[in-house]
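Colleague: Dropping the sequence and predicted coords here.
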Amino acid sequence: MSTDRAAPTLTGPLGIGSIVFMVVAAAAPLTVVSGTVPLGIALGDRAAFPATFVICCVILLLFAVGYGAMTRHVPQAGAFYTYVQQGPGRPTGQGAAYLALVTYTAVQLAVYGYLGAVAADLVQHYGGPSFPWWLWAAVALAGVGFLGHRHIDVSGKVLGVLLLGEVGVVLALDAVVVVRGGGSSGLSTAFLQPEQVGSGSLGLGLVFAIASYLGFEATAVFRDEARDPHRTIPRATYLSLLLIGGFYTLSSWALVSAWGDDQAVRAATTDPGGMLLTTMQHHLGSAVADIAQVLLLTSLFAAALSFHNVLARYGYSLGTSGLLPRMSGSRHPRHGSPHMASLLQSACAAVLVAVCAVTGMDPVTQVFAWLAGTATLGILLLMSLTCLAVIVYFRRTRRDPRIWHTVVAPGLGLLGLAGCLVLAVANFPLLIGGSTMLATALGAVPLGAFAVGVLLALWRRPRNLETAVAQPVPETA
């Protein structure tokens, strides 16, 4: 399949703020604080769990240095796979392309499962009818598909409004806890004490924390729709990381402080799903806790929309480069959106939701837990490959003389990400709440997608060479 054909380019007015809104919304801040943080406190690093967000933020900032440096030299908007292709080569890059598709598809399906469960519970809580989770997921999927079909600026505005709501209610809790001085033992200092940071399961805590950043790395996918990609993409990446990392660190620390170190661990262990809402009800009142429940639903919708946009642009980029059917690389004449890639993504998500519904999978303990854990492995592998690609690319081309940007920072980032990947694999059965056999099967999914991409690239190479030899060479003047 030819990869050198001309294709329309996506265009848009996205500035730093719009891109930051989209990638921070993908991280689903309220969902992380209400779900992941209590689990990190209970199963991870206990009262010192906020420190793991700082550690992971440093690792990802090192990754972002090389990631941003590549933006100036790789004009395509395929992000991971285009960067990897410039380093280890085309087969590895194609493997990364298919790995990225499977990874983001898994995390989007995980979000739909959790969203459906939250919506069903919320409607019943307020006296509404009892509908199955997959029906609410289908409603959300239709809304996401509609917005994904339209101009990217529309999604940016919707995500901005939803993000401000979910972040605002958590920051209000943070402020009240700080002003009141925390629980009976005062504001927590556990995350500042080295002996406390290692008192629990630091490895599992790091896995929970790194998974909470999922989505920030998608800034480069919006390259073609950014006003000034050379400046906008690196700055949006750094700003997204700092905002996400700062928000998670502050909010997890405030949640621990609201209870006190020992009491927070007991509360997180006893009722991880209700810890945040119970804290809000105590400090802000039942009305705010009710609002937070609604905002949790909008947080999940925002995450689903953001990941849909990322997947649609991956599909568009792969369509224009010949790695997916050609129709995936078409641009809507009016909205300027990758409408066919968006439609294909919506259809794929609908089929997967239907499969989960027919097989009777639980939307939280199975759909969400299994697929979010699988996506964590996939994204860590993708980022590790990207760090390696940055080092290889700049050592080969010598196009950037800055040692820190091209060797030191990507190298340290690679070490940190590889360490997190090892920890994620070691703790994967616990992360997905399943057996070792199930963990092996799910872990094989991202590796299988990567292997398929590599093998297809190797299989096509000799065919392309034969075609090139068979074709006559045009005469030159």
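Modeller: Arrived safely. Numbers count the residues shown, from 1 in each chain.
Colleague: in stretch 136-149, what counts as buried?
Modeller: Residues of stretch 136-149 classed as buried by neighbour count (16 or more other C-beta atoms under 10 Å): 136-138, 140-141, 144-145, 147-149. No exception for glycine: its C-beta is placed from N, CA and C like everyone else's.
Colleague: Now those residues in JSON lines, please, with extra columns for distance to Arg395, pLDDT and secondary structure.
Modeller: Formatted as JSON lines, the buried residues of stretch 136-149 follow (distance: C-beta to C-beta, whole Å; pLDDT from 0 to 100; DSSP: H, G, I helix; E, B strand; the rest coil):
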{"residue": "Trp136", "distance to Arg395": "50", "pLDDT": "97", "secondary structure": "helix"}
{"residue": "Ala137", "distance to Arg395": "46", "pLDDT": "97", "secondary structure": "helix"}
{"residue": "Ala138", "distance to Arg395": "49", "pLDDT": "97", "secondary structure": "helix"}
{"residue": "Ala140", "distance to Arg395": "45", "pLDDT": "96", "secondary structure": "helix"}
{"residue": "Leu141", "distance to Arg395": "44", "pLDDT": "96", "secondary structure": "helix"}
{"residue": "Val144", "distance to Arg395": "41", "pLDDT": "93", "secondary structure": "helix"}
{"residue": "Gly145", "distance to Arg395": "43", "pLDDT": "91", "secondary structure": "helix"}
{"residue": "Leu147", "distance to Arg395": "42", "pLDDT": "86", "secondary structure": "helix"}
{"residue": "Gly148", "distance to Arg395": "39", "pLDDT": "79", "secondary structure": "helix"}
{"residue": "His149", "distance to Arg395": "42", "pLDDT": "73", "secondary structure": "helix"}
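Colleague: Among those residues, which pair sits farthest apart?
Modeller: Taking C-beta to C-beta as the measure, the buried residues of stretch 136-149 span a maximum distance of 20.7 Å, between Trp136 and His149.
Colleague: Let me know the closest of the buried residues of stretch 136-149 to Pro363.
Modeller: Set against Pro363, the nearest of the buried residues of stretch 136-149 by C-beta to C-beta is Ala137 (7.7 Å).
Colleague: The residue nearest to the closest one when sequence neighbours are not counted sits in which helix or strand?
Modeller: Computed as C-beta to C-beta, 6 or more residues apart in numbering, the closest residue to Ala137 that is not its neighbour in sequence is Gly116, at 3.6 Å. Element membership of Gly116 [criterion: DSSP states H and E] is helix 90-125.
Colleague: residues near the nearest residue to Thr386 once chain neighbours are set aside, how many?
Modeller: Nearest residue to Thr386, sequence neighbours excluded (C-beta to C-beta, 6+ apart): Tyr83, at 5.2 Å. Here the number of neighbours of Tyr83 (other C-beta atoms under 10 Å) works out to 27.
Colleague: again, but for Ala372
Modeller: 22.
Colleague: and if you look at Asp261?
Modeller: Asp261 has 20 nearby residues by other C-beta under 10 Å.
Colleague: go on, Leu277?
Modeller: Leu277 is flanked by 18 other residues according to other C-beta under 10 Å.
Colleague: So for it, what's the nearest residue that isn't a sequence neighbour?
Modeller: Ala289 (5.0 Å).
Colleague: I'd like to know which of the buried residues of stretch 136-149 is nearest to Val367.
Modeller: Distance ranking of the buried residues of stretch 136-149 against Val367, using C-beta to C-beta, places Ala137 first at 9.1 Å.
Colleague: ok, now which ones touch the closest one?
Modeller: Shown in contact with Ala137 (C-beta atoms under 8 Å, 6 or more residues apart in numbering): 112-113, 115-116, 119, 353, 363.
Colleague: again, only using 10 Å
Modeller: Each residue near Ala137 by C-beta atoms under 10 Å, 6 or more residues apart in numbering is listed here: 109, 111-117, 119-120, 300, 304, 349-350, 353-354, 356-357, 363, 367.
Colleague: Can you read off the pLDDT for the nearest residue to Ala120 once chain neighbours are set aside?
Modeller: Nearest non-adjacent residue to Ala120, counting by C-beta to C-beta, 6+ apart: Trp133, 5.0 Å away. With respect to pLDDT, Trp133 scores 96.
Colleague: can you count the residues close to Trp133?
Modeller: There are 25 residues near Trp133, going by other C-beta under 10 Å.
Colleague: try Phe53
Modeller: So Phe53, with other C-beta under 10 Å, has 30 neighbours.
Colleague: Helix, strand or coil: sort out it for me.
Modeller: helix (DSSP: H, G, I helix; E, B strand; the rest coil).
Colleague: From Ala25, how far off is it?
Modeller: Going from Phe53 to Ala25 by C-beta to C-beta, to the nearest Å gives 18 Å.
Colleague: Same question for Val144.
Modeller: Look at Val144 and Ala25: by C-beta to C-beta, they are 12 Å apart.
Colleague: go on, Gly68?
Modeller: According to C-beta to C-beta, Gly68 stands 21 Å off from Ala25.
Colleague: More neighbours: which of these two?
Modeller: More crowded of Gly68 and Ala25, by other C-beta under 10 Å: Ala25, with 29 against 22.
Colleague: still on that earlier bit, test my guess that the residue nearest to Ala137 contacts Ala357.
Modeller: Yes. The pair Gly116 / Ala357 is scored as a contact, 9.0 Å apart, by C-beta atoms under 10 Å.
Colleague: thinking again about what came up before, show me the contacts for the residue nearest to Ala120.
Modeller: Taking C-beta under 10 Å, 6+ apart as the test, what Trp133 contacts is 112-121, 353, 356-357, 361-364, 367.
Colleague: Can you give me the end-to-end span of stretch 280-290?
Modeller: From its first residue to its last, stretch 280-290 covers 9 Å (C-alpha to C-alpha, to the nearest Å).
Colleague: What residues of that stretch count as buried?
Modeller: 280-281, 283-284, 288-290.
Colleague: outside of it, which residues touch it?
Modeller: For stretch 280-290, the surrounding residues in contact (C-beta under 10 Å, 6+ apart) are 34, 122, 125-126, 169-170, 172-177, 179-180, 254-255, 258-259, 274, 276-279, 291-293, 295.
Colleague: hmm, which of these are the buried ones?
Modeller: With neighbours counted by 16+ other C-beta under 10 Å, the contacts of stretch 280-290 contain buried members at 34, 122, 169-170, 172-174, 176-177, 254-255, 258-259, 276-277, 279, 291-293, 295.
Colleague: shared neighbours, Gly116 and Ala357?
Modeller: Common neighbours of Gly116 and Ala357, counting by C-beta under 10 Å, 6+ apart, are 132-135, 137-138, 363, 367.
Colleague: Return the closest of those with respect to Met437.
Modeller: Distances from Met437 to those, taken by C-beta to C-beta, are shortest for Val367, at 18.7 Å.
Colleague: Let me see the contact set for the residue nearest to Gly183 when sequence neighbours are not counted.
Modeller: Spatial nearest neighbour of Gly183, chain neighbours left out: Gly260 (3.9 Å); criterion: C-beta to C-beta, 6+ apart. Contact analysis of Gly260 by C-beta under 10 Å, 6+ apart lists 47, 182-188, 266-267.
Colleague: Name the member of those residues that has the highest neighbour count.
Modeller: Ala47 (28 neighbours).
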